[in-house]
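**Q** After the sequence you'll find the predicted model.
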Amino acid sequence: MCDLLDVARTTQVIREASPDIVIHAQAQSDVDRCEIEPAMAAAQNVETTAHVIEALRSSGAWLVYISTDYVFDGEKGSPYDEQDVPRPISVYGTTKLEGERRTLACAQGIVVRPSTLFGPARMNFCDQVATRIREGQPVEAFDDQTTSPTYTDDLADGMAALLEAIQRNLLGARRVLHMANAGSCTRVEFAQRIADLLGCPRDSIRGIAMAEQRRPAKRPAYSALTTRYLSNVIGRTLRPWDDALQAYLRQRR
């Protein structure tokens, strides 16, 4: 255990562990807080990455950096692939992109981009919607934001396969990988599907525009991801988001 903002302690802990691969999943992912506190966002999303990189210097270990679909501006209007140029529109996206750049400057650095995570152990949009629907409370969900919802269990399985590919030297030249469940939907479509699967009416769900909530940070309107290179590395892609959502709601019950 260590505070990644403490470079000396981070270096000590990582070098004592002597890992072959480090998955750097720590981040400040509260998009609005990042916008309000940019210095904090830079510390937690950039400085920590720099400290991990410093700890791995000359070790020969691989660094796998977990990034985000928010590195894109959402203007493309169709799913982004690994060849698209990132253009973040928020402090969060900007700091995560800087973390990507520092990772890719390392000879053995890999960037993995998921999108809109849902799963156990941490409150997320899916859990919030499911709880409110079951309690008969109203739900507001964006009807102008499209993403590729990603089940954390599926992401974990994909990451395990990626680590195996790294150890077997199967990665090739691919150093940025999108890893998300197949397909895309708007936030309101996701909420409606949750209601359907729970056997609840959709009446309590209201689609709203992102601008209505006047949040501090801008969100990309369309940040769905393709995963066309993933099967070349791990031999498959992740299942459709709807199948993953059904699996999670069964587990959640």
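**A** That came in fine, so what should we check first?

**Q** Name the nearest residue to Gly74, sequence neighbours excluded.
**A** With sequence-adjacent residues excluded and distances taken as C-beta to C-beta, 6 or more residues apart in numbering, Gly74 is closest to Pro220, at 2.8 Å. Where C-beta positions appear, they are placed from N, C-alpha and C, glycine not excepted.

**Q** Retrieve the pLDDT associated with the one you found.
**A** Looking at Pro220, its pLDDT is 98.

**Q** tally of neighbours for it?
**A** Residues contacting Pro220 under the criterion other C-beta atoms under 10 Å number 24.

**Q** ditto for Gly60
**A** With other C-beta under 10 Å as criterion, Gly60 counts 9.

**Q** quick one, phi psi at it?
**A** Gly60 has phi and psi values of phi 80, psi 0 when expressed as degrees, to the nearest 10.

**Q** Which residues does the longest helix anywhere in the chain contact?
**A** Across the chain, the longest stretch assigned as helix under DSSP state H is helix 152-167. Applying C-beta atoms under 8 Å, 6 or more residues apart in numbering, the contact partners of helix 152-167 are 20-21, 23, 62, 64, 110, 112, 114, 117-121, 171, 177, 179-181, 230, 233-236, 238-239, 244, 247-248, 251.

**Q** just checking, next helix/strand downstream of that helix?
**A** Once the chain leaves helix 152-167, the next helix or strand it forms, by DSSP states H and E, is strand 176-178.

**Q** Give me the sheet partners of whichever helix or strand comes after that next one and which way each runs.
**A** Following strand 176-178 in sequence order, the next helix or strand is strand 185-186 (DSSP H and E). Using DSSP bridges, the strands paired with strand 185-186 are strand 146-147 (antiparallel).

**Q** quick one: average pLDDT of the strand it pairs with?
**A** Mean predicted confidence for strand 146-147 is 98.

**Q** can you pull the buried residues of the helix or strand encompassing Glu35?
**A** Assigned by DSSP H and E, Glu35 falls within helix 31-36. Applying a neighbour-count criterion of 16 or more other C-beta atoms under 10 Å, one finds Val31, Arg33, Cys34, Glu35 buried in helix 31-36.

**Q** Let me see the contact set for the third one.
**A** With contacts defined as C-beta under 8 Å, 6+ apart, the neighbours of Cys34 are Gln28, Met40, Ala41, Asn45, Ser90, Val91, Tyr92, Thr95, Ala217.

**Q** so can I have TSV of those showing neighbour count?
**A** Output for the contacts of Cys34, formatted as TSV (neighbours: other C-beta atoms under 10 Å):
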residue	neighbour count
Gln28	19
Met40	15
Ala41	24
Asn45	25
Ser90	23
Val91	25
Tyr92	27
Thr95	26
Ala217	17
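
**Q** Out of the residues you listed, which is nearest to Val7?
**A** Set against Val7, the nearest of the contacts of Cys34 by C-beta to C-beta is Asn45 (15.4 Å).

**Q** separation between the residue lying closest to the closest one once chain neighbours are set aside and Leu63?
**A** Leaving out its chain neighbours, the residue that sits closest to Asn45 by C-beta to C-beta, 6+ apart is Thr95, at 3.7 Å. Applying C-beta to C-beta, to the nearest Å, the value for Thr95 to Leu63 is 17 Å.

**Q** tell me the mean pLDDT for stretch 68-85?
**A** The model assigns stretch 68-85 a mean pLDDT of 97.

**Q** Same check on stretch 57-64?
**A** On average, the pLDDT along stretch 57-64 is 94.

**Q** Can you list the residue ranges for helices in the protein?
**A** Using DSSP H, the helices of the chain run over 7-17, 31-36, 38-42, 48-56, 91-104, 125-134, 152-167, 187-198, 210-213, 230-234, 241-252.
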